[in-house]
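**Student:** heads up, no residue letters with this:
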Ligand SMILES: NC(=O)c1ccc[n+]([C@@H]2O[C@H](COP(=O)([O-])OP(=O)(O)OC[C@H]3O[C@@H](n4cnc5c(N)ncnc54)[C@H](O)[C@@H]3O)[C@@H](O)[C@H]2O)c1
């Protein structure tokens, strides 16, 4: 298959919209479908809102809106697509059924990627025609600005299709992370979930508010994480001998342990602490207003990060 140009996006909520914008800004032809056939207007206004950020990050001049086609039939959406990005609600039975429909109407050699955040590909492709073309392509929100995508194979996904998917994601300025074998939650969400779960325990036990916990990340680890991950960060924490001394000093603490493996029950009390806590943090700003601030920041920080990444990698 030559360079992939025609992309279908199935499910156009938060993540589907992100893929559409990223693909359009990289000159792909995009066919979109959602079971909610009224989403087209919302998508057009999201494209308009995000374009200034996308344009700046990728040094683009023009977005050709004629390349965007929203259909009310899944069959028509899939007919010409060479790459299909599934972005429907996270649920095993819904995705397995939807992917089986996609497999039925898609070209037999098109690649099918699911945006799932943690479901096993072997299971969601179990009823799909030609399942060796099925992968997970797990992105991060906002998809139109963040470069990470985890490519996860199912047990019978072919090497050839994994490589084609990798090439496609690179063509839309992403940095694919090739996960060796499927595992629940893949890589990043396993890490994110651990942090989220511990945060829930701390809030549930009344030690801190959502705002206080967010500040504990934003002003410390978060600033470092935008350049380097936990392991290289901890290597530096060990002084001159790096990780070796870090393990000698902090290794024993692993036996305490500080953290709790199981998540707390999502009780009414905990849910309301999370909802009222984050509403207070929003200070009356809408999600769209905060997204604009975040998007501008992500553009600026990625431009800055490029300069420093070159020295490290
Ligand atoms: N939100 C995130 O931060 C995030 C990040 C990475 C991956 N994901 C994954 O992306 C996928 C979508 O998540 P989201 O946050 O965009 O959800 P969402 O609720 O915003 O959007 C889901 C969309 O799927 C549509 N849909 C549901 N069933 C459908 C069907 N049978 N056919 C066509 N459309 C259908 C819904 O109408 C809705 O518009 C999930 O698998 C999720 O795990 C989400």
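**Tutor:** Looks like it came in fine. Quick caveat, the model's predicted, so the values are computed rather than measured.

**Student:** For residue 40, see how far away the nearest residue to residue 132 once chain neighbours are set aside is.
**Tutor:** Here the nearest residue to residue 132 in space, its sequence neighbours aside, is residue 158; by C-beta to C-beta, 6 or more residues apart in numbering that works out to 4.3 Å. The way it works is simple: take the backbone N, C-alpha and C, and place the C-beta from them, glycine included. As for residue 158, its distance to residue 40 is 35 Å (criterion: C-beta to C-beta, to the nearest Å).

**Student:** How about residue 250?
**Tutor:** For residue 250 relative to residue 40 (C-beta to C-beta), the value is 53 Å.

**Student:** can you pull the pLDDT of the residue nearest to residue 132?
**Tutor:** On the pLDDT scale, residue 158 is placed at 97.

**Student:** next one: the one 10 residues further on
**Tutor:** As predicted, residue 168 sits at a pLDDT of 98.

**Student:** Equivalent analysis for residue 2, please.
**Tutor:** 66.

**Student:** what does the stretch 1-150 of the chain put close to the ligand?
**Tutor:** 10-16, 34-36, 87-90, 94, 98, 115-117, 138-139, 141 (C-beta under 6 Å from any ligand atom).

**Student:** Out of these, list just those in helices.
**Tutor:** 14, 15, 16, 94, 98 (DSSP state H).

**Student:** Dump these into a markdown table; add pLDDT, neighbour count and distance to residue 305 as well.
**Tutor:** As requested, those are exported to a markdown table (pLDDT from 0 to 100; neighbours: other C-beta atoms under 10 Å; distance: C-beta to C-beta, whole Å):
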| residue | pLDDT | neighbour count | distance to residue 305 |
| --- | --- | --- | --- |
| 14 | 97 | 13 | 24 |
| 15 | 98 | 24 | 23 |
| 16 | 98 | 23 | 27 |
| 94 | 98 | 13 | 36 |
| 98 | 98 | 21 | 36 |
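
**Student:** Quick check on whichever residue of the stretch 1-150 of the chain sits closest to the ligand: phi, psi?
**Tutor:** Here the stretch 1-150 of the chain gets closest to the ligand at one residue, residue 13, 1.9 Å apart by C-beta to the nearest ligand atom. As for residue 13, its main-chain torsions (degrees, to the nearest 10) stand at phi -80, psi -140.

**Student:** How many neighbouring residues does it have?
**Tutor:** 15 (other C-beta atoms under 10 Å).

**Student:** next one: the one 5 residues further on
**Tutor:** A count of nearby residues for residue 18, using other C-beta under 10 Å, gives 25.

**Student:** If you count contacts, what does the strand or helix carrying it end up packed against?
**Tutor:** Element membership of residue 18 [criterion: DSSP states H and E] is helix 14-25. Packing contacts for helix 14-25, counted by 3 or more C-beta pairs under 8 Å, 6 or more residues apart in numbering; DSSP states H and E, involve strand 6-10, strand 29-33, helix 40-57, strand 134-139.

**Student:** Might you report the residue contacts of the residue lying closest to residue 234 once chain neighbours are set aside?
**Tutor:** Nearest non-adjacent residue to residue 234, counting by C-beta to C-beta, 6+ apart: residue 246, 5.2 Å away. Neighbour list for residue 246: 234, 235, 237, 238 [criterion: C-beta atoms under 8 Å, 6 or more residues apart in numbering].

**Student:** Quick one: mean pLDDT over the helix or strand encompassing residue 246.
**Tutor:** In the assignment (DSSP H and E), residue 246 maps to helix 243-250. Here helix 243-250 scores 91 as its mean pLDDT.

**Student:** Appreciated, that's everything.
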